[in-house]
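Participant: I'd like to go over a predicted model; first the sequence, then the structure.
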Number of protein chains: 2
Amino acid sequence: MADINSHIEIGVTTGPIRGSRKVYVESPRNPDVKVAMREIELEPTSGEPPVKVYDTSGPYSDPNAQIDINKGLPQLRRDWIMGRGDVEEYDAREVKPEDNGQLGPDRSGGVPGYPNVVKRPLRAKAGHNVSQMHYARKGIITPEMEYVAVRENLGREMAREAASGGESWGASIPGLITPEFVRDEVARGRAIIPNNINHPETEPMAIGRNFLVKINANIGNSAVASDVASEVDKMVWATRWGADTVMDLSTGRNIHDTREWIIRNSSVPIGTVPIYQALEKVGGVAEDLTWEIFRDTLIEQAEQGVDYFTIHAGVRLPYVPMAAKRVTGIVSRGGSIMAKWCLAHHKESFLYEHFDDITEIMKAYDIAYSLGDGLRPGSIADANDEAQFAELYTLGELTHRAWKEDVQVMIEGPGHVPMHKIKENMEKQLSVCGEAPFYTLGPLVTDIAPGYDHITSGIGAAQIGWYGTAMLCYVTPKEHLGLPDRDDVKVGVVTYKLAAHAADLAKGHPASQVRDDALSKARFEFRWRDQFNLSLDPETAEEYHDQTLPAEGAKTAHFCSMCGPKFCSMQISQEVRDFAAKQNQSPEGFLASEKLGADTAEASRLAAEEGMREMAQVYKEKGERLYLPEEESS
Amino acid sequence: MADINSHIEIGVTTGPIRGSRKVYVESPRNPDVKVAMREIELEPTSGEPPVKVYDTSGPYSDPNAQIDINKGLPQLRRDWIMGRGDVEEYDAREVKPEDNGQLGPDRSGGVPGYPNVVKRPLRAKAGHNVSQMHYARKGIITPEMEYVAVRENLGREMAREAASGGESWGASIPGLITPEFVRDEVARGRAIIPNNINHPETEPMAIGRNFLVKINANIGNSAVASDVASEVDKMVWATRWGADTVMDLSTGRNIHDTREWIIRNSSVPIGTVPIYQALEKVGGVAEDLTWEIFRDTLIEQAEQGVDYFTIHAGVRLPYVPMAAKRVTGIVSRGGSIMAKWCLAHHKESFLYEHFDDITEIMKAYDIAYSLGDGLRPGSIADANDEAQFAELYTLGELTHRAWKEDVQVMIEGPGHVPMHKIKENMEKQLSVCGEAPFYTLGPLVTDIAPGYDHITSGIGAAQIGWYGTAMLCYVTPKEHLGLPDRDDVKVGVVTYKLAAHAADLAKGHPASQVRDDALSKARFEFRWRDQFNLSLDPETAEEYHDQTLPAEGAKTAHFCSMCGPKFCSMQISQEVRDFAAKQNQSPEGFLASEKLGADTAEASRLAAEEGMREMAQVYKEKGERLYLPEEESS
């Protein structure tokens, strides 16, 4: 798909998502804030209004947008950033050959430089702090916060009365999100808005337990396979299906340039693990890493516009031996790099030692910390062990140090955890890290299903999302086995989207059930097209339907392939409804049968209890005689 | 695959499951009881013994077995059944044209009669009860119970000390399963062993909350598509991947013959919903159903050897109007048939009225009840509503009525339920139905992901399995959309297998973690083949691996495609381990750093707490000044 010319023709995926159109909802308080959403029109027979859904797909799904990845996306936030008067342009650090990993062999497939690199990036003026947290703590509501409020509110006004209950485990999800609420959540560190001032192309979004549960998709070229052209489209593709943020985990050659292409064309926040690139710069030899090389890499990526950095500053020297007894040791790549460095030098981690220096950089660009869990468990056997929680305590300490400087923080979490140990992870994280957003990988609830780890982890993700995790890092079917292709990325994203949505439902998010109800009504009324369009993946839904009933007429048919045309339970339900409606016309009709039903159920319940009592009595009286001793029975 | 000749050549799937061999473990107390398992040999470098795994694949995966589906499987239990001296042979009911649905149009694709139909089936002698529950309550330990004990014990002796804790929510899972324990669980109704005396081909298995969580796969020809040949292989295919029982939900023509083919070739219990066939006999007109036709259908299927019947006796007339207000009405096919009958006649359900008559049939053949949830919710909106629980109370009443006659019972459950409402389902079921095994369909935790409903339901299934559900009915990716094909069946089965296993882990099943640990160790040591072979689906695991690194050498390579050969976190972990081992040799070494790690972590935790306190103080003191009033800030 790519060639080596400077004007790359990558076939990024564009056009509306099936059955929906792009709309822009204006903030009632700030006409500059126009929030992108998708609207799904329903069939006229439904008599229902269109359903608005949260949209992460950016301009790519807007047929009116002009997409040219050589020019990048429009700079939505540029005026907001400049308008605050606290930033300055300066000459960018010069790109060095080693930034593109030229030291090693070329495994990138080749990628040209981005044609319109910003030579004068932004940073905070001396003595200033440009983080959203800093503004929030000053009581300022930024346009970014306004954007988030409108975006998160989607459907709430309509759904407010119909709040579905739910169990939020101590979260405080309001009926309606005000910009003030967004500000307050950011101010107290319970939510972050990751938005580097050098990535003005982003559509602002919030990560926090009182907002919709978000998902992240990882992309990245690999040292073994993959090329940059497909990586850029992977980002577009992942956000098309719902990725709220994307992490670029590229290694090897041309990673600087690859990242530039991705950031300039991304409307979602981009995260990275800077130690990966730093390691490339020292030829892959962990012990050769230095603070200076790492610091230089942070500046390099800060100027490009990376929105959050995974920093494994919790892997401290004294914790490293704790991993020795584990079944799977250290499985985090960043964690093992730092462990090796600590062991080789027998010194405390330079990330921990220089944490406050890193914080100074973060606040000059508004980059959020994603404090990495380098000692996360890589197997069920290692879950919730000493090493994992020792690191978590240090992440808690660092959270508070970052917060003192008004720098935004989220905390990365595991990993592989059996279901009964998931809640402890959430509770400890909330308590030690002061409710800073938790950002977990899965967790995978069993180790025995490679090839299906999007599912083993989706189970854990739904659960920990319900308990309070703010963002779920996706896992694809290829986890542990190979590199995800386009289909794997889509399956991973959709799986995590449904897990996040299940968590929102269970937390009692006031608007989350709107889409379930609309889809279920469509299903009941055999509005097949509405059912497809309302689903997370309309294309797959339609394709599966067509495999059994390909005829076009089947899409309006009042039956489905499960029961066939002859007998249909949905149809009978309609008859029940008609019957009830008829009964309802006479006063003694419908209501009387309702009452009768409740009475009958109560009688059954009492009979069941009576049965239990009788049974218990029988056992009590005759138990000894009924059960023959073992030797007689065998 | 099939032709119309009486000797059908169906290509059923045979041969060992990749990387494992069939073994037969003899009961220490009864040499007639030889329990089929699979053994996975590990690479010599592992220094570990082979891993035994639970096996549902029957003789098909044994290369020494002679498979001829025209002859059916060996009658493993025949002698045990005859040996009890309480059964008699009698002339079978004559097969009528309407048994094969000859009233309707032929949509079956054509299927011949089974060549060796048993003309003289078994039933209990007058005055006898041949249910496993009846024997258990008399204190008898049957060979079936011995079989179950050996089968369930798998790996426990090895794992006993390493019991992993877990949260079992009140279940009582013993360290070792004795035949006495099996008997006691069956006697008190907390487990069932579904085994019709006319299905002697079964390998006995137990369904109960103190045993391994089981899964069921539904198969069945449909009125619209599908043919019988593929249905028989679907059963073989589903059990190959782990289905513990199979429900034959066929409708339309030739269903009697199709069922015969399936039962004679099935080593797992077969369940049906007899009302489906009864409905065929009255040409699909629900209101024409009668108790006589239904009773005759029960006898017909009892003689063939169906092991459990779904009976929707809880759909009582007064409950039907309760479904009228629902978003998706009645979605159970059996439930809607009965609702329609009740409405049309304005009479109480004949299933409820004749419940004790049905029980008389059940005990003459040892068929277990699967009390159907005809009013289960079909959408998130309808979960845990009045209709659903009214029916559940009646199922509780019927459970105790069946138990009075020593007939085995399990209870079917929903459906579509958001995560926070799942636990209530389990708790109510346990309490009202006296801990009779719960058998749930999913539940699906959101409605918005058609095409991915194996996952939306797998999430709910893992959770409800953890809470105490004994068997999980699978859902395939085609749910709500179309009929599952071979690949869908496999994906559904593996998804449910992993959900059931995750539940076992979370409940603290003493042996469940053995396989996770073995696989994780293989992963850590880059024993790729062991990793594939130990997984639930070795073929897919290997295929995914090969997509990225197809070379044969990559299967023994000490790296993977994620990080490539240059840098590998697993390798570094090994260095950490070596380092720790070295430290360990000097007294002040390893142990000192362990202690140091704990101290450091504690210091971090205290610092984090201090940070919290400071922060709280700042807010308390300056909060009013820090937050500008709204009018000033915007």
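Facilitator: That came through fine.
Participant: what's the spacing between A:Val407 and A:His545?
Facilitator: Separation of A:Val407 from A:His545 (CB to CB, to the nearest Å): 49 Å. C-beta here means a position set from N, CA and C on the backbone, and glycine is covered the same way.
Participant: Centre of the chain to the helix or strand hosting A:Gln574, how far?
Facilitator: According to DSSP states H and E, A:Gln574 maps onto helix A:569-585. Counting by CA atoms, centre = their mean, to the nearest Å, helix A:569-585 is centred 42 Å from the centre of its parent chain.
Participant: and what of stretch A:265-279?
Facilitator: From the chain centre to the centre of stretch A:265-279 is a distance of 16 Å (CA atoms, centre = their mean).
Participant: hmm, it in reach of chain B?
Facilitator: Yes: counting by CB under 8 Å from any CB of the partner chain, chain B is contacted by stretch A:265-279 at A:Leu279.
Participant: same deal with stretch A:11-19?
Facilitator: No: Stretch A:11-19 does not reach chain B (CB under 8 Å from any CB); its nearest approach is 12.5 Å.
Participant: how far does that stretch stretch from start to finish?
Facilitator: Distance between the two ends of stretch A:11-19: 22 Å, counting by CA to CA, to the nearest Å.
Participant: now it: mean pLDDT?
Facilitator: Stretch A:11-19 carries an average pLDDT of 90.
Participant: Could you list every helix and strand that the host helix or strand of A:Val150 packs against?
Facilitator: Secondary structure from DSSP H and E places A:Val150 in helix A:143-153. Helix A:143-153 sits against strand A:34-40, helix A:132-137, helix A:179-187, with contacts defined as 3 or more CB pairs under 8 Å, 6 or more residues apart in numbering or on different chains; DSSP states H and E.
Participant: mind listing what A:Gly396 touches?
Facilitator: A:Val432, A:Cys433, A:Gly434, B:Ser604, B:Arg605, B:Ala607, B:Ala608, B:Gly611 (CB atoms under 8 Å, 6 or more residues apart in numbering or on different chains).
Participant: List the buried residues in the one helix or strand it maps to.
Facilitator: A:Gly396 is part of helix A:386-404, with elements assigned from DSSP H and E. By neighbour count on 16 or more other CB atoms under 10 Å in any protein chain shown, the buried set for helix A:386-404 is A:386-403.
Participant: now the spatially most central residue of chain A: how far from A:Ile177?
Facilitator: Residue closest to the average C-alpha location in chain A (CA atoms, centre = their mean): A:Ile215, at 0.9 Å. Per CB to CB, A:Ile215 is found 19 Å from A:Ile177.
Participant: returning to what we had before: out of the helices and strands packed on helix A:143-153, which is closest to A:Val493?
Facilitator: The closest of the helices and strands packed on helix A:143-153 to A:Val493 is strand A:34-40. By CB to CB, the value is 15.3 Å.
Participant: partners of that closest one, with directions?
Facilitator: Here strand A:34-40 has these sheet partners by DSSP bridges: strand A:20-26 (antiparallel), strand A:51-54 (antiparallel).
Participant: and among those strands, the most buried is which?
Facilitator: Across these, averaging neighbours per residue (mean count of other CB atoms under 10 Å in any protein chain shown) puts strand A:51-54 on top, at a mean of 21.
Participant: Residues in contact with that strand: which ones?
Facilitator: Outside strand A:51-54, the residues that touch it by CB under 8 Å, 6+ apart are A:20, A:23, A:25, A:37-40, A:42, A:151, A:154-155, A:212, A:514-515, A:518, A:534.
Participant: so which of those comes closest to chain B?
Facilitator: A:Arg515 (5.2 Å; CB to the nearest CB).
Participant: Verify the stated contact: that closest one with B:Ala381.
Facilitator: No: when contacts are counted by CB atoms under 8 Å, A:Arg515 is not listed as touching B:Ala381 (11.4 Å).
Participant: ok, these two, which is more surrounded?
Facilitator: A count of neighbours by other CB atoms under 10 Å in any protein chain shown puts A:Arg515 above the other of A:Arg515 and B:Ala381, at 25 against 20.
Participant: show me the contacts for that one.
Facilitator: Applying CB under 8 Å, 6+ apart, the residues contacting A:Arg515 are A:Val51, A:Val53, A:Gly155, A:His501, A:Leu534, B:Ile448.
Participant: hmm, try it at 7 Å
Facilitator: A:Val51, A:Val53, A:Leu534, B:Ile448 (CB atoms under 7 Å, 6 or more residues apart in numbering or on different chains).
Participant: What is the nearest of those to B:Trp80?
Facilitator: Nearest to B:Trp80 among the contacts of A:Arg515, counting by CB to CB, is B:Ile448 at 49.4 Å.
Participant: Can you classify that closest one by secondary structure?
Facilitator: coil (DSSP: H, G, I helix; E, B strand; the rest coil).
Participant: Surely it touches A:Phe532?
Facilitator: No: here B:Ile448 does not reach A:Phe532: they are 11.5 Å apart, not a contact under CB atoms under 7 Å.
Participant: right, and the helix or strand after the helix or strand in which A:Lys423 is found?
Facilitator: Using DSSP H and E, A:Lys423 falls within helix A:422-432. Elements were assigned by DSSP H and E; along the chain past helix A:422-432, the next helix or strand is strand A:438-441.
Participant: how about that following strand, does it get close to chain B?
Facilitator: No: on the criterion CB under 7 Å from any CB of the partner chain, strand A:438-441 is out of touch with chain B, staying 13.0 Å away.
Participant: Just list what that strand packs against, helices and strands only.
Facilitator: Contacts defined by 3 or more CB pairs under 7 Å, 6 or more residues apart in numbering or on different chains; DSSP states H and E place strand A:438-441 against strand A:409-413, strand A:471-473.
Participant: Sheet partners, orientation included, of the last one?
Facilitator: For strand A:471-473, the paired strands and their directions (DSSP bridges) read strand A:214-219 (parallel), strand A:438-441 (parallel).
Participant: Please apply the same query to the longest one.
Facilitator: The pairing partners recorded for strand A:409-413 under DSSP bridges are strand A:368-371 (parallel), strand A:438-441 (parallel).
Participant: Put the alpha carbons of stretch A:368-380 into PDB.
Facilitator: This file holds the C-alpha atoms of stretch A:368-380, laid out as PDB (Å, rounded to 0.1, in the frame of the first residue of the first chain):
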ATOM      1  CA  ALA A 368      -0.200  12.600  31.100                       C
ATOM      2  CA  TYR A 369       1.600   9.900  33.100                       C
ATOM      3  CA  SER A 370       0.500   6.400  32.500                       C
ATOM      4  CA  LEU A 371       2.500   4.800  35.300                       C
ATOM      5  CA  GLY A 372       3.400   1.400  34.000                       C
ATOM      6  CA  ASP A 373       3.000  -1.900  35.800                       C
ATOM      7  CA  GLY A 374       6.300  -3.400  34.900                       C
ATOM      8  CA  LEU A 375       5.800  -6.100  37.500                       C
ATOM      9  CA  ARG A 376       2.200  -7.100  36.400                       C
ATOM     10  CA  PRO A 377       1.500 -10.800  36.700                       C
ATOM     11  CA  GLY A 378       1.900 -12.800  33.500                       C
ATOM     12  CA  SER A 379       0.000 -15.800  34.700                       C
ATOM     13  CA  ILE A 380      -2.800 -16.800  37.000                       C
END
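Participant: just how off-centre is that stretch within its chain?
Facilitator: Offset of stretch A:368-380 from its chain centre (CA atoms, centre = their mean): 16 Å.
Participant: Could you check how far A:Ala436 is from chain B?
Facilitator: 10 Å (CB to the nearest CB, to the nearest Å).
Participant: same thing with A:Leu176?
Facilitator: For A:Leu176 relative to chain B (CB to the nearest CB), the value is 15 Å.
Participant: My guess is A:Phe309 contacts A:Ile367. True?
Facilitator: Yes: using CB under 7 Å, A:Phe309 is in contact with A:Ile367, at 5.7 Å.
Participant: More neighbours: those two, which one.
Facilitator: A direct count of neighbours by other CB under 10 Å for A:Phe309 and A:Ile367 places A:Ile367 higher, at 33 against 25.
Participant: Which residues are in contact with the more buried one?
Facilitator: A:Asn196, A:Ala302, A:Val306, A:Asp307, A:Tyr308, A:Phe309.
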